[in-house]
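J.: Curious how this folds, go ahead:
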Amino acid sequence: MVQPKYNFPPKVQLTFRVGFVGHRPHRLDSANFTELNAVLKDLLLAIQMNVREFAINNKELYANDPPKFVAITSCAEGSDRVFASQAIDLGYSLHCPIPFHEHEYETDFVSPNTLERDSLITYRQLLELARNDLDFRMFELDGSRDDSEAAYGNAGNIVLNQSDVLVSVWDGFNNADTGGTLQTVKEASLFGIPVIWVDAKTPHIWRLLGEKSDLTNPESLCQTVSIQNGPDVLTRLVKEILDAPFGPPEKGHHGNAQKSDLRDIYFREYMPRWNVAMFWKLFRNVLGANQLPCPSIRLEDVEEVLASQWSASKSGVEAWINERIGYHYVWADRLAEYYADVYRSSFLFAFVGGVVAVFLAILPIWAGWGEQHYQSGLLSAAGIEFSFLAGILGLIWWGTRRRWHARWMEYRVLAELLRELHALIPLGGGRPFARLCAHLGVYGESTETWMSWHARAVERTIGLPSARVDHAYIQAALARLKTSVKKQATFHQAGGIQNQRIEERLHWLGFTLFGTTAVVVAIHFVGLFIDVINGHATAHAGMTWMTVVAAYFPALGAALAGINNQGEFARLAIRNQVIAKRLEGFLLEVEEMSNRKYPVTLGEVALLSMRVSHLMVEEVINWRVIVLHRPLVPPA
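T.: Numbering: from 1, shown residues only. Here you go, the predicted structure:
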């Protein structure tokens, strides 16, 4: 598929996914299948209507394509097939995570395992109908009959990963089976996935489960199911899932509350062709890497980055995921890098420019310019000094107004979420949306930011891959994970060394300037003391250059300290070292899995990938909190 050239960050097609878990025939003795079909059809139709209405009323949030609807189910006997049949009739695409390879899964539907007449024929006919839709997907897991309950549980977990809302046909009674309906419903509640419970007993009243306490005593819940939710419940639910959130308000000028996220701004961003904010990269290369290369001010086109780093010419699932997520990642990543350069170059200029202004103020003293003979020089120095001060204040005002530091970090969070989805989607999906520690809750729940909203929109549009999970598939997933972890570990190791060098050298330069100033003042004091005792008339000899040193060196030292503080280089170095060490531990786990003599399961790879994802996302989200306290400020 040929992608169009984007001039702005790409939006995604509005997609809504309805997952399903429900009882097999032996738990549907009290069901009326005619009524159950009607109830499930009405639910699916009501969801469609509400999603379409939302799309009409919120055209700015998603692409102009018509909404896409996906049903997630394993098509097991019983209520699964009732749901799947109604979904296909209403135009839903069917995505089927099944616990075993298809030929093995089909043995569930033949004697003596089957609970329905002509079960295998019904199953194949259902899938034949689903395959008429080009977006049909089947994800064949690597489950083993030696642990069937775990295999069904893994399939249920993938249904959850892929669901925006979960519909469950459940009789209200507890069952202790691993991978059963109640367990899946409880896990959905635990992960914040809305659950619509349809009573497995006639007349099949439905309700949206609310508090987690709804599931603490399932039997008592049956007594309240007779009160069905109204249609407005689905309207609110769809809006809550699809609408883009705003963060907590920030105090703006004159105490007015301002929206603290960049949702609207992001989709109007235009990738600049030139990056003139090279001050930061030069500073970083000289002090942190002992290099003096001249960074290119030309930014690569998005298409060039995609061709070199996100090629769709690769084979298998890697090409599939690169094609679908590459554009989104490149836009977020490149904009994050650009605004990082702009923000960091700005505060460097502010502090260095302040030092230049101080130098221009004391230049006439050092040069011995008198008012009568060097008026042009004095005027030039004062004019340049004023230009620097005005430039610093103007840059700080503009950078604060444009929120360069917030743009940097919000786009970086989005890029990190998309990178982790790139790893998790081929494994059946996952939840890289990390949560902040309780004491950081004042900054807003990270799962409710516009970045998480957009990443979820990208994820639901991509959906589940069509794949058969076998040894080769798992080894390929491990290889991708190893490459990613190794790359990130190398990045943080190099970043730790670089930031530590910058911090140490800035500290050493500042200390040297302070020490030099102290020595000069001491020399002047001793000379002055001797001259006073001896009655000499040369007490103020050398005052010109001493005044320059005593005034300029402390200002320069303060600027270096300000840069060190604003850049958080010491803290960054420690964070880089800690993250690198943890990533090295993950790398050892990947190596152990790759070299294991007994089979590695997809579930193990997915769990390890999830742990890596949470580490990386939490690191960026926590760093964002720190940067929010580092807006551009005038140098002291």
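J.: Please give me every residue in contact with residue 266.
T.: 9, 335, 410-411, 414, 450, 454 (Cβ atoms under 8 Å, 6 or more residues apart in numbering). From N, CA and C alone the C-beta is placed, and that goes for glycine too.
J.: Now do the helix ranked longest in the chain: which elements does it pack against?
T.: Identified as the longest helix of the chain according to DSSP state H is helix 471-534. Counting contacts by 3 or more Cβ pairs under 8 Å, 6 or more residues apart in numbering; DSSP states H and E, helix 471-534 is packed against helix 279-289, helix 316-367, helix 404-424, helix 543-567, helix 569-594, helix 602-628.
J.: winner for burial among those helices?
T.: The highest mean neighbour count among the helices and strands packed on helix 471-534, using mean count of other Cβ atoms under 10 Å, belongs to helix 404-424: a mean of 24.
J.: Next secondary structure element downstream of it?
T.: helix 450-462 (DSSP states H and E).
J.: For that next one, name the packing helices and strands.
T.: With contacts taken as 3+ Cβ pairs under 8 Å, 6+ apart, helix 450-462 sits against strand 15-22, helix 263-266, helix 316-367, helix 404-424.
J.: the bottom helix or strand of this protein by mean pLDDT?
T.: Ranked by mean pLDDT, DSSP states H and E, the weakest helix or strand in the chain is strand 257-258, scoring a mean of 46.
J.: Run through the residues that contact residue 274.
T.: 297-299.
J.: One more pass at 6 Å, please.
T.: residue 297 (Cβ atoms under 6 Å, 6 or more residues apart in numbering).
J.: Model confidence score at it, please.
T.: Residue 274 carries a pLDDT value of 85.
J.: cool, and residue 172?
T.: pLDDT for residue 172: 78.
J.: now residue 536
T.: So residue 536 comes in at 63 (pLDDT).
J.: same question, residue 221
T.: Reported pLDDT for residue 221: 52.
J.: before we move on, what about residue 11?
T.: For residue 11, pLDDT reads 91.
J.: What residues does the residue positioned nearest the centre of the chain make contact with?
T.: Nearest to the mean C-alpha position of the chain, by Cα atoms, centre = their mean, lies residue 417 at 2.6 Å. By Cβ under 6 Å, 6+ apart, the contact set of residue 417 is 432, 455.
J.: Please work out the average pLDDT along stretch 594-613.
T.: On average, stretch 594-613 scores 92.
J.: Can you list the neighbours in contact with that stretch?
T.: 142, 154, 420, 423-424, 427, 430, 432, 469, 474, 477-478, 481, 586, 589, 593.
J.: I'd assumed residue 634 was in a strand, is it?
T.: No - Residue 634: not assigned to a strand; according to DSSP: H, G, I helix; E, B strand; the rest coil it is coil.
J.: That one: what's it in contact with?
T.: Taking Cβ under 6 Å, 6+ apart, one finds residue 396 in contact with residue 634.
J.: From residue 363, how far off is it?
T.: Residue 634 is 22 Å from residue 363, where distance means Cβ to Cβ, to the nearest Å.
J.: element containing the nearest residue in space to residue 238 that is not next to it in sequence?
T.: Counting by Cβ to Cβ, 6 or more residues apart in numbering, residue 238 lies nearest to residue 50, which is 4.2 Å off, once chain neighbours are set aside. Per DSSP H and E, residue 50 falls inside helix 33-57.
J.: Equivalent analysis for residue 192, please.
T.: Applying DSSP H and E, one finds residue 192 in no helix or strand.
J.: Give me the neighbour count for the residue nearest to it when sequence neighbours are not counted.
T.: In this structure, residue 192 finds its nearest non-sequential neighbour in residue 447, 7.8 Å apart by Cβ to Cβ, 6+ apart. With neighbours defined by other Cβ atoms under 10 Å, the count for residue 447 comes to 17.
J.: For residue 453, see how far away residue 447 is.
T.: From residue 447 to residue 453 the distance is 9 Å (Cβ to Cβ).
J.: now do residue 421
T.: Where residue 453 is concerned, residue 421 sits at a distance of 13 Å (Cβ to Cβ).
J.: Report the distance from the longest helix of the chain to the chain centre.
T.: Mean-position distance between helix 471-534 and its chain equals 29 Å (Cα atoms, centre = their mean, to the nearest Å).
J.: Apart from its neighbours in sequence, what residue is nearest residue 26?
T.: residue 115 (5.9 Å).
J.: Backbone dihedrals for that neighbour, both of them.
T.: Backbone dihedrals for residue 115, given as degrees, to the nearest 10, come out at phi -120, psi 0.
J.: so where's the stretch 451-600 of the chain shaky on pLDDT?
T.: 535-544 (pLDDT under 70).
J.: Would you check that residue 278 makes contact with residue 293?
T.: No - in this structure, residue 278 is not within contact of residue 293 by Cβ atoms under 6 Å, at 10.6 Å.
J.: Looking at those two, which one has more neighbours?
T.: Of the pair residue 278 and residue 293, residue 278 is the one with more neighbours under other Cβ under 10 Å, namely 15 against 10.
J.: Could you report the pLDDT at that one?
T.: In this model, residue 278 is scored at 84, pLDDT.
J.: so what's it up against?
T.: residue 295.
J.: and what of residue 510?
T.: So residue 510 contacts 557, 560-561 (Cβ under 6 Å, 6+ apart).
J.: And the residues you listed, which is closest to residue 314?
T.: residue 560 (46.8 Å; Cβ to Cβ).
J.: That closest one and residue 384, how far apart?
T.: Per Cβ to Cβ, residue 560 is found 22 Å from residue 384.
J.: Tell me if residue 139 really is in a helix.
T.: No - per three-state DSSP, residue 139 lies outside any helix segment and is strand.
J.: count of neighbours near residue 149?
T.: 14.
J.: picking up where we left off before, with respect to residue 464, which of the helices and strands packed on helix 450-462 lies nearest?
T.: That would be, of those and by Cβ to Cβ, strand 15-22, which comes in at 9.1 Å.
J.: strand partners of that closest one, parallel vs antiparallel please.
T.: strand 68-72 (parallel), strand 165-170 (parallel) (DSSP bridges).
J.: From what I see, the residue nearest to residue 238 and residue 232 are in contact.
T.: No - counting by Cβ under 6 Å, residue 50 stays clear of residue 232, with 9.8 Å between them.
J.: ok, those two, which is more surrounded?
T.: Taking other Cβ under 10 Å, residue 50 and residue 232 do not tie; residue 50 has more neighbours (20 against 9).
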